[in-house]
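Engineer: any chance you could fold what I've pasted below:
(4 chains)
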2 protein chains.
Amino acid sequence: MARERKFTDDELFKATKLLLIKDGYDSFTFSKLASVMEVSRGSIYKYYENKDNLISEFLVYEMNRFNLSFSGLDKSGDFQTQFSLVIDFIFKHSEIHQILEIINQIPKKSSHRDQSNQTKLNTYYIDMYKQFQGLIEQGKKEQVIKSHLSDAIILGMIFQTIAIPNHFGIPNDEWIASIREILSEGMFQKV
Amino acid sequence: MARERKFTDDELFKATKLLLIKDGYDSFTFSKLASVMEVSRGSIYKYYENKDNLISEFLVYEMNRFNLSFSGLDKSGDFQTQFSLVIDFIFKHSEIHQILEIINQIPKKSSHRDQSNQTKLNTYYIDMYKQFQGLIEQGKKEQVIKSHLSDAIILGMIFQTIAIPNHFGIPNDEWIASIREILSEGMFQKV
DNA sequence: GTCCAAAGTGACACTAGTGTCATGAATTAA
DNA sequence: TTAATTCATGACACTAGTGTCACTTTGGAC
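Structural biologist: Residues are numbered from 1 along each chain as shown, chains lettered A, B, ... in the order given. Presented below is the predicted three-dimensional model:
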């Protein structure tokens, strides 16, 4: 006994992602979102208190999806195989870089509900970190990765390369191959 | 025969840089700037039409300073020496990364004056690119840099590493040394 | 067909930023 | 001291977004 909903949470999150990635956190507004969804602004307030609340729910949803998808990767091969798999995976999900940036942009002063989301996000963040750390440790154990490099810097390097602007339109395959090569062997000739 | 000014352009740009780097382009307002400068908002309009105009003037000023400072680096040593010098230089001027990001964020629909600034910025951008490209070419000529890697990707890698978030507070020296090592030799052991 | 709960809407009051301008304040040449 | 000139200010009207709420619409249960 109810009226039919004009949009689902999934649709809302899809539009949210679109706008967040196009315009960034600051320029995201309920007005724009409502316009994309073709509903009135007021109706979104039925489900989310405000922008921060919506975005923090969205981020939880998105991080959860990313982690699930990441942990679904084939873990059977040796390190080299996995490393390639993971690089490809990250470049296929390159929005994750912006998502992580937005997580660090959310203002702290927020409602109880949002604080609980912050906690969840922290957990997801750590989960993600641990998954990568597992890979890095395997690499160090197999004597492939230099052991004196800290996990944090290796992870940072890998994640940051997603966001290198490809101003000159180099083809995707060459782009990813070059980055993988530099990350693993460097840009210098072997002596 | 005039009243004394309460602030110079240099002071204004200094405050602008501060706010732009702290809050980003979207959150930058004349109100905040006036408050930092301890003058009225109205007085800033005496010198700059609006936010976009001020920021584009600021960026021209900043890029010019960066390029001058960069071209002042010692060019006498061999490639390896210069490479280290440049990496150190970039990390010392790491705000350049945000500056370049902001350049790409300025809306296009702007006044004649701003369009002339856009042209200037493009020139500065190309100047900067050429300076780095000179170094990369030297590296390739000296057989240090792998010749099959495109200049664009090498430059992109180097610039992007500035912005890796150092969440775990690794000491600056170790941080830069590790990044230089990964960029040049990679994160994999030599076989 | 009637009831009614959930869903949706648009108008309202509020906040924060923008750009302008009449007015007042400071400086100095005459 | 006065006149001329530049600077600085705060008030004004305007725009865009926020959050709320009384009211309308929808559609299944009875």
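Engineer: tell me what the helix-or-strand element of chain A with minimal mean pLDDT is packed against?
Structural biologist: Within chain A, no helix or strand scores below helix A:112-141, which has a mean of 92 by mean pLDDT, DSSP states H and E. For helix A:112-141, the elements it packs on are helix A:51-71, helix A:79-92, helix A:95-103, helix A:151-161, judged by 3 or more Cβ pairs under 8 Å, 6 or more residues apart in numbering or on different chains; DSSP states H and E. Glycine gets a C-beta too; all of them are placed from N, C-alpha and C.
Engineer: just give me how far the shortest one sits from the chain centre.
Structural biologist: Just to be clear, that refers to helix A:95-103. Remark: helix A:95-103 is offset 5 Å from the chain centroid, using Cα atoms, centre = their mean, to the nearest Å.
Engineer: and for the last one?
Structural biologist: Centre-to-centre, helix A:151-161 and its host chain are 14 Å apart (Cα atoms, centre = their mean).
Engineer: send me that helix as PDB with only the CA atoms.
Structural biologist: Taking only C-alpha atoms (Å, rounded to 0.1, in the frame of the first residue of the first chain), the coordinates of helix A:151-161 have been written out as PDB:
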ATOM      1  CA  ASP A 151      54.800  -0.800   1.900                       C
ATOM      2  CA  ALA A 152      53.300   2.700   2.200                       C
ATOM      3  CA  ILE A 153      55.500   4.100  -0.600                       C
ATOM      4  CA  ILE A 154      55.000   1.100  -2.900                       C
ATOM      5  CA  LEU A 155      51.200   1.300  -2.500                       C
ATOM      6  CA  GLY A 156      51.300   5.100  -2.800                       C
ATOM      7  CA  MET A 157      53.300   4.900  -6.100                       C
ATOM      8  CA  ILE A 158      51.000   2.300  -7.600                       C
ATOM      9  CA  PHE A 159      47.800   4.200  -6.600                       C
ATOM     10  CA  GLN A 160      49.100   7.600  -7.700                       C
ATOM     11  CA  THR A 161      50.000   6.500 -11.200                       C
END
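Engineer: I'd like the next helix or strand past that helix.
Structural biologist: helix A:172-185 (DSSP states H and E).
Engineer: and chain B, is that following helix touching that?
Structural biologist: Yes: using Cβ under 8 Å from any Cβ of the partner chain, helix A:172-185 reaches chain B at A:174, A:175, A:178, A:179, A:181, A:182, A:183, A:184, A:185.
Engineer: please identify the helix or strand for the closest residue to DNA strand C within chain A.
Structural biologist: Closest residue of chain A to DNA strand C, Cβ to the nearest atom of the strand: residue A:42 (2.4 Å). Taking DSSP H and E as the definition, one finds residue A:42 inside helix A:41-45.
Engineer: near chain B, which residues of chain A show up?
Structural biologist: Residues of chain A lying close to chain B by Cβ under 8 Å from any Cβ are A:24, A:26-27, A:104, A:143-146, A:149-150, A:152-154, A:156-157, A:159-161, A:163-168, A:170, A:174-175, A:178-179, A:181-190.
Engineer: again, only using 6 Å
Structural biologist: Within chain A, the positions lying close to chain B (Cβ under 6 Å from any Cβ of the partner chain) are A:26-27, A:143-146, A:149, A:152-154, A:156-157, A:160, A:164, A:168, A:178, A:182, A:184-189.
Engineer: can you select the buried ones from those residues in ChimeraX?
Structural biologist: Remark: buried members of the residues of chain A next to chain B, expressed as a ChimeraX selection using 16 or more other Cβ atoms under 10 Å in any protein chain shown:
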select /A:144,145,146,149,152,153,154,156,157,160,164,178,182,184,185,186,187,188
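Engineer: who in chain A is up against DNA strand D?
Structural biologist: A:1-4, A:29-32, A:41-42, A:45, A:49-51 (Cβ under 7 Å from any atom of the strand).
Engineer: want to try TSV for those, with neighbour count as columns?
Structural biologist: What follows is these, written out as TSV (neighbours: other Cβ atoms under 10 Å in any protein chain shown):
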residue	neighbour count
A:1	2
A:2	4
A:3	5
A:4	4
A:29	13
A:30	15
A:31	10
A:32	16
A:41	14
A:42	9
A:45	13
A:49	13
A:50	13
A:51	15
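Engineer: tell me who's in contact with residue A:144.
Structural biologist: Counting by Cβ atoms under 6 Å, 6 or more residues apart in numbering or on different chains, residue A:144 makes contact with A:79, B:188.
Engineer: not counting its neighbours along the chain, what's nearest the residue nearest to the spatial centre of chain A?
Structural biologist: With the centre of chain A defined as its mean C-alpha position, the nearest residue by Cα atoms, centre = their mean is residue A:96, 1.9 Å away. Distance criterion Cβ to Cβ, 6 or more residues apart in numbering or on different chains; nearest residue to residue A:96, sequence neighbours excluded, is residue A:66 at 5.7 Å.
Engineer: what about that neighbour, how many residues nearby?
Structural biologist: By the criterion of other Cβ atoms under 10 Å in any protein chain shown, residue A:66 has 19 neighbours.
Engineer: ok, residue A:5 next?
Structural biologist: Look at residue A:5: counted by other Cβ under 10 Å, it has 12 neighbours.
Engineer: what about it, which SS state?
Structural biologist: For residue A:5, the assignment made with DSSP: H, G, I helix; E, B strand; the rest coil gives coil.
Engineer: any idea how far residue A:12 is from it?
Structural biologist: Residue A:5 is 10 Å from residue A:12, where distance means Cβ to Cβ, to the nearest Å.
Engineer: cool, and residue A:141?
Structural biologist: Counting by Cβ to Cβ, the gap from residue A:141 to residue A:12 is 44 Å.
Engineer: quick one, which of these two is more surrounded?
Structural biologist: Counting neighbours by other Cβ under 10 Å for residue A:141 and for residue A:12 shows that residue A:12 has the greater number, 21 against 11.
Engineer: look at that one and report its pLDDT.
Structural biologist: pLDDT for residue A:12: 98.
Engineer: so which strand or helix has it?
Structural biologist: Per DSSP H and E: residue A:12 is located in helix A:9-23.
Engineer: cheers, nothing more for now.
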